[in-house]
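Participant: Curious how this folds, go ahead:
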Amino acid sequence: MTGVPASAAGGPSGARRAAAGAASAASGKVPGAAVGRAAARSAEGGATGAGPGAPAGAGHGGAGHGGAAGAGHGGAASGEAGAGVDEAPESVDDAQGEDRPARGGKLAAAAVNQASVWNIANLLTMLRLVLVPAFVALMLADGGYDPAWRSLAWAAFAIAMITDLFDGHLARAYNLVTDFGKIADPIADKAIMGAALICLSALGDLPWWVTGVILGRELGITLLRFLVIRYGVIPASRGGKLKTLTQGVAVGMYVLALTGWLATLRWWVMAAAVVLTVVTGLDYVKQAIVLRRRGIAERKAALEEKEA
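Facilitator: Numbering: from 1, shown residues only. You can find the predicted model right below:
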């Protein structure tokens, strides 16, 4: 009877509980101790039902062997199980933490988007808007016929036209396109050109009908773009870019107090600008009509396909 080990006979429950408690205390985790106690109780119940020889084994110091074995193996297993139970929630929290956005992330993103308005392309557009009243003041200074003031006005006009060439390119090349730029850029273009044409006509240097044709075309095409934007965007054509360049050169030459053959040359440049203004305007109207018809046909076909 003395050779029956305590582990085989089931061993006393106190020894197993003590062994499980020692292992859980060594692991330092409460859930591990709970698992160790549950395992000990289940093992005790199974051993008790094995036969009546369990008490005899307990009376000959079986607890010394069985208890040590339980502490060495069962305790370690329970400790490991407890460690797994404790670590699992931490890993879940870490995974959820990775999925959840950081606090204030939306506010930070909104701040970045707001700050992106102050990029180099928009700053150039703002500069053109500021140059409009400065140009008018210089153009009309001292009666509007002083060559020195007219030269300064030409410098302001030239800076505005040059920045118009760069802001759009920078916005597209470096992904700086913003809603502000989409609205402010065409306004700045029309403002500086309109201010120059009106000042020249008011001073008697340029016929009013020329100013009316150019400004009427610019405002009409802008309005037309907004009307057909639901069907698509009218792309800028090469003729339109050439028209803008020719208008800038012609108006710039009229701003300067030129005489002699240069005065004759500027008249021809302005005539070319007016012709390009009318031709490109009619071309934009044609594109708008085609774009609208195509858009209506595509919508009609989509509705018929949906109903079918």
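
Participant: going forward, measure contacts between C-alpha atoms and count neighbours the same way
Facilitator: Noted.

Participant: which strands and helices sit next to the strand or helix carrying residue 168?
Facilitator: For residue 168, the host element (DSSP states H and E) is helix 147-173. On a contact count with 3 or more Cα pairs under 8 Å, 6 or more residues apart in numbering; DSSP states H and E, helix 147-173 meets helix 120-140, helix 179-202, helix 238-255.

Participant: change it to 7 Å
Facilitator: When contacts are defined as 3 or more Cα pairs under 7 Å, 6 or more residues apart in numbering; DSSP states H and E, helix 147-173 sits against helix 120-140, helix 238-255.

Participant: Out of those, which is closest to residue 261?
Facilitator: Across those, residue 261 has its closest neighbour in helix 238-255 (12.0 Å, Cα to Cα).

Participant: Checking residue 206 next. Helix, strand or coil?
Facilitator: The three-state assignment at residue 206 reads coil, by DSSP: H, G, I helix; E, B strand; the rest coil.

Participant: got a list of what it touches?
Facilitator: By Cα atoms under 7 Å, 6 or more residues apart in numbering, the contact set of residue 206 is residue 200.

Participant: any chance you could read off phi and psi for it?
Facilitator: phi -140, psi 130 (degrees, to the nearest 10).

Participant: Same question for residue 145.
Facilitator: According to degrees, to the nearest 10, residue 145 has phi -120, psi 10.

Participant: Check the burial of it by counting its neighbours.
Facilitator: 15 (other Cα atoms under 10 Å).

Participant: what's the distance between it and residue 254?
Facilitator: 12 Å (Cα to Cα, to the nearest Å).

Participant: same deal with residue 142?
Facilitator: Relative to residue 254, and taking Cα to Cα, residue 142 is found at 17 Å.

Participant: higher neighbour count, these two?
Facilitator: Neighbour comparison, residue 142 and residue 254: the larger count goes to residue 254, with 23 against 13 (by other Cα under 10 Å).

Participant: Check which helix or strand the residue nearest to the more buried one when sequence neighbours are not counted maps to.
Facilitator: Excluding the flanking residues, the one nearest residue 254 by Cα to Cα, 6 or more residues apart in numbering is residue 266, at 6.7 Å. Residue 266 is part of helix 261-307, with elements assigned from DSSP H and E.

Participant: report the angle between the axes of that helix and helix 238-255?
Facilitator: 150 degrees (axes from the mean of the first three to the mean of the last three Cα atoms, to 10 degrees).

Participant: And helix 261-307, what does it pack against?
Facilitator: Against helix 261-307 (3+ Cα pairs under 7 Å, 6+ apart) you get helix 208-227, helix 238-255.

Participant: can you list the residues that contact the first one?
Facilitator: Meaning helix 208-227. Contacts for helix 208-227 (Cα under 7 Å, 6+ apart): 194, 197, 198, 201, 234, 274, 277, 281.

Participant: between the residues you listed, which is closest to residue 129?
Facilitator: Of the contacts of helix 208-227, the one sitting nearest to residue 129 (Cα to Cα) turns out to be residue 194, at 12.2 Å.

Participant: residues in contact with the closest one?
Facilitator: residue 215.

Participant: Tell me the pLDDT of it.
Facilitator: The model reports residue 194 with a pLDDT of 94.

Participant: what separates it from residue 164, distance-wise?
Facilitator: Distance, residue 194 to residue 164, using Cα to Cα: 15 Å.

Participant: Repeat that for residue 120.
Facilitator: 12 Å.

Participant: So for the two, which sits in the more crowded spot?
Facilitator: Taking other Cα under 10 Å, residue 120 and residue 164 do not tie; residue 164 has more neighbours (19 against 15).

Participant: Tell me the spacing between the more buried one and residue 142.
Facilitator: 29 Å.

Participant: hmm, back to that, the residue nearest to residue 254 is in contact with residue 255, isn't it?
Facilitator: No: assessed by Cα atoms under 7 Å, residue 266 is found out of contact with residue 255, at 10.2 Å.

Participant: The two: which has the busier surroundings?
Facilitator: residue 255 (26 against 19).

Participant: picking that back up, got CSV for the helices and strands packed on helix 261-307, with distance to residue 126 and mean pLDDT too?
Facilitator: Shown next, in CSV, are the helices and strands packed on helix 261-307 (distance: least, Cα to Cα, whole Å; pLDDT from 0 to 100):
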stretch, distance to residue 126, mean pLDDT
helix 208-227, 20, 92
helix 238-255, 19, 92
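
Participant: among those, which is the most enclosed?
Facilitator: A comparison of those by mean neighbour count, using mean count of other Cα atoms under 10 Å, puts helix 238-255 on top with a mean of 19.

Participant: Same list (the helices and strands packed on helix 147-173) but as JSON lines, adding distance to residue 302.
Facilitator: Converted to JSON lines, those look like this (distance: least, Cα to Cα, whole Å):
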{"stretch": "helix 120-140", "distance to residue 302": "39"}
{"stretch": "helix 238-255", "distance to residue 302": "33"}
